[in-house]
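*Asks:* Predicted structure and sequence below. I'll ask about it afterward.
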Amino acid sequence: MQLLMVVSHQMEDIESLGSAALLRRAGLPVELGTFESSLEITTAYGTRITADTFIKEDITPYDGLIIPGGKYVKETVDADTKIKALATAFKAADKYLMAICAGPRFLMQADLIDGDFTNFPGAEVDQKRGTYHSAPKAMVDGKLITARSAGAVYDFVFAIIETLQGEDALQAFKDLIKYE
């Protein structure tokens, strides 16, 4: 199981880096890929990281796509073609789509959400189909996993782990990190 996370300048630190770190700790490889002109990324709160790779058209190595939220969403979502096209390719290949906070806006604008989902309140402005739920911190609907906000990172990661590795793996992970 290999996951690809889109990283962009002004992405939300905890939604991206926290999710990637926890998923890696759970044994799920996460590759940080970018469409930016450099692998050097500066997050919304000034953390500087180096992405693993530039995103290419070939998605065959990956089983799922993770789209974090952050300031970049508001600034880029309307003009974006790359993240939406990437997500569309993942959906067409029947792979997992995972997005947190404002990240689901890319999926909504590309008309890729047709089931139950959650996101940062107000980000559902782009909803075309599907059913928005404001209360859950994280939701799973088939191969779509969404979460509400930075405060829901653990719930988001737990939903991903349980979906991809099963309930026993999730419990083992919770035991490992002493989540009680």
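*Replies:* Perfect, I can see it now.
*Asks:* And the strands in this structure?
*Replies:* Using DSSP state E, the strands found in the chain span residues 3-6, 30-34, 40-42, 48-50, 53-54, 64-67, 96-100, 116-117, 131-132, 138-141, 144-147.
*Asks:* In JSON lines: those strands, plus mean pLDDT and distance to Ala89.
*Replies:* Just so you know, the C-beta spots here come from the backbone N, C-alpha and C atoms, and that holds for glycine as well. Output for the strands of the chain, formatted as JSON lines (pLDDT from 0 to 100; distance: least, CB to CB, whole Å):
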{"stretch": "strand 3-6", "mean pLDDT": "98", "distance to Ala89": "11"}
{"stretch": "strand 30-34", "mean pLDDT": "98", "distance to Ala89": "13"}
{"stretch": "strand 40-42", "mean pLDDT": "98", "distance to Ala89": "22"}
{"stretch": "strand 48-50", "mean pLDDT": "98", "distance to Ala89": "25"}
{"stretch": "strand 53-54", "mean pLDDT": "98", "distance to Ala89": "16"}
{"stretch": "strand 64-67", "mean pLDDT": "98", "distance to Ala89": "9"}
{"stretch": "strand 96-100", "mean pLDDT": "98", "distance to Ala89": "11"}
{"stretch": "strand 116-117", "mean pLDDT": "98", "distance to Ala89": "19"}
{"stretch": "strand 131-132", "mean pLDDT": "97", "distance to Ala89": "24"}
{"stretch": "strand 138-141", "mean pLDDT": "98", "distance to Ala89": "20"}
{"stretch": "strand 144-147", "mean pLDDT": "98", "distance to Ala89": "15"}
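*Asks:* State the mean pLDDT of the longest helix seen in the chain.
*Replies:* In the chain, assigned by DSSP state H, the helix with the most residues is helix 153-165. Averaged across helix 153-165, the pLDDT comes to 98.
*Asks:* Understood, closing this out.
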